[in-house]
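# Sequence and predicted structure are below.
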Amino acid sequence: MQSGIVMIAMSVIVFFGVNVVGDPIDMLVAPDADQAEIERVIRDFGLDKPVWQQYTVFVSNAFKGDLGTSFIFGESALKLIVERMPATLELAFMALLMAIIIGIPLGLYAGLRPNAISSRLIMSGSILGFSLPTFWVGIMMIMLFAVMLDWVPATGRGDTISVLGMQVSFLTADGFSHIVLPALNLALLKISLVIRLTRAGVREVMHMDFIKFARAKGLSANRIVMVHLFKNIMIPVVTVLGLEFGSLIAFSVVTETIFAWPGMGKLLIDAIQQLDRPIIVAYLMIIVVLFVVINLIVDILYSILDPRVRLQDAAN
């Protein structure tokens with residue numbers, strides 16, 4: 001019920017918000033078009049109706065799986081977005097994987113050795129990850145690794161193969177070389193977040209009684225860290241990472257634009273520049289659905305990792 005209310009509220013905000021910005025007719029007709037031609041285009045796209053009536057038509061069609069027809073491409077907005085969704089999901093998954101592989105070990109090390117010089121350097125680096133703007137870091141990456149060192153390509157997606165009917169690039173050598181830079185650029189903020197979150201969790205859990213009891217039993221340091229410590233610090237990490245995955249998808253726009261990655265974000269930028277309202281609305285509604293679904297999955301994972309949540313639910 002809460003998800004339904006969120007969907008309805010966001011559909012109103014998105015639709016009316018997009019419809020008060022600009023006039024797409026300026027993009028759809030030639031500069032020398034006469035008034036009759038302009039009025040015909042307005043009628044054809046249903047823009048002659050009041051905004052509230054346009055919204056009711058949008059909602060009615062949305063229940064049938066139709067989120068509108070692109071003004072520019074003349075195709076279903078949902079179809080155009082779904083065609084580019086695999087590229088964005090692949091980029092977001094790779095960025096999330098980098099955040100986990102890099103962030104958790106560094107955060108563990110910084111938490112277990114808080115006074116070491118290397119730990120201080122790690123935490124200082126995490127501050128840079130939060131502070132540096134994504135577009136600037138992306139440009140610097142292209143200049144260093146693609147232009148000066150010529151290690152990886154600067155733009156594009158590279159070769160792809162079909163997996164379960166979906167085109168992916170990271171399973172090919174050429175595709176993997178294309179995805180490394182944009183994924184790392186997108187992951188930098190999340191790596192910094194995971195490092196600080198993991199370190200904070202380690203510092204908190206290390207002083208708890210069950211860790212002291214494990215040490216008193218004579219368990220090895222590796223077992224204490226990997227069995228008793230790791231599972232407890234993963235609860236907030238999984239929660240945050242789940243929610244951040246939604247933001248990786250939603251805010252990959254800048255990275256996709258810089259690296260010419262053919263995903264939903266680049267399509268959104270093109271749609272905004274051309275005032276293609278159906279694509280903008282469809283994109284934002286799909287992002288809302290993704291966030292709602294991801295929140296549900298995170299809640300389920302949270303209850304699996306933390307038995308106390310299941311016990312509280314059972315008691316209620």
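Happy to help now that I have it.

# List the contacts of residue 29.
Counting by Cβ atoms under 8 Å, 6 or more residues apart in numbering, residue 29 makes contact with 37-38, 41. No exception for glycine: its C-beta is placed from N, CA and C like everyone else's.

# Filter those residues down to the buried ones, PyMOL style.
PyMOL command restricting the contacts of residue 29 to the buried ones, with burial defined by 16 or more other Cβ atoms under 10 Å:
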select buried, resi 41
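
# how about the contacts of residue 29 in JSON lines, adding distance to residue 301, pLDDT and secondary structure?
Output for the contacts of residue 29, formatted as JSON lines (distance: Cβ to Cβ, whole Å; pLDDT from 0 to 100; DSSP: H, G, I helix; E, B strand; the rest coil):
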{"residue": "37", "distance to residue 301": "55", "pLDDT": "75", "secondary structure": "helix"}
{"residue": "38", "distance to residue 301": "53", "pLDDT": "74", "secondary structure": "helix"}
{"residue": "41", "distance to residue 301": "49", "pLDDT": "74", "secondary structure": "helix"}
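
# which one of the contacts of residue 29 is nearest residue 19?
Closest to residue 19 out of the contacts of residue 29 is residue 41 (16.4 Å), distances taken as Cβ to Cβ.

# I figured the closest one hits residue 34, correct?
No: counting by Cβ atoms under 8 Å, residue 41 stays clear of residue 34, with 11.3 Å between them.

# just to revisit the earlier point, include distance to residue 244 when you put the contacts of residue 29 into TSV, please.
Formatted as TSV, these follow (distance: Cβ to Cβ, whole Å):
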residue	distance to residue 244
37	48
38	45
41	42
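
# Determine how far stretch 154-169 lies from the middle of the whole chain.
Mean C-alpha position of stretch 154-169 versus that of the full chain (Cα atoms, centre = their mean, to the nearest Å) differs by 18 Å.

# Average the pLDDT values over that stretch and round to the nearest integer.
Averaged across stretch 154-169, pLDDT comes to 83.

# Using CSV, list the CA coordinates for it.
C-alpha atoms of stretch 154-169 as CSV (Å, rounded to 0.1, in the frame of the first residue of the first chain):
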residue,chain,number,x,y,z
ALA,A,154,37.7,6.4,-23.9
THR,A,155,34.1,6.0,-25.0
GLY,A,156,31.6,3.5,-26.2
ARG,A,157,30.5,0.0,-25.0
GLY,A,158,32.6,-2.3,-27.1
ASP,A,159,31.7,-5.8,-28.2
THR,A,160,28.7,-7.5,-26.6
ILE,A,161,27.4,-11.0,-26.4
SER,A,162,23.9,-12.2,-25.6
VAL,A,163,23.2,-13.7,-22.2
LEU,A,164,19.6,-14.8,-21.5
GLY,A,165,18.5,-12.6,-24.3
MET,A,166,20.3,-9.5,-23.0
GLN,A,167,23.4,-7.9,-24.5
VAL,A,168,26.3,-7.6,-22.1
SER,A,169,29.8,-6.3,-22.7
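
# shared neighbours of residue 41 and residue 34, anything?
By Cβ under 8 Å, 6+ apart, residue 41 and residue 34 have no common neighbours.

# So which bits of stretch 225-237 are buried?
Burial within stretch 225-237, assessed by neighbour count using 16+ other Cβ under 10 Å, is assigned to 225, 228-230, 232-237.

# what about the strands in the chain?
With strands called from DSSP state E, the chain shows them at 161-163, 166-168.

# Tell me which of those strands sits nearest to residue 66.
Residue 66 lies closest, by Cβ to Cβ, to one member of the strands of the chain: strand 166-168, at 22.6 Å.

# Next up, the contacts around residue 223.
For residue 223, the contact set (Cβ under 8 Å, 6+ apart) comprises residue 214.
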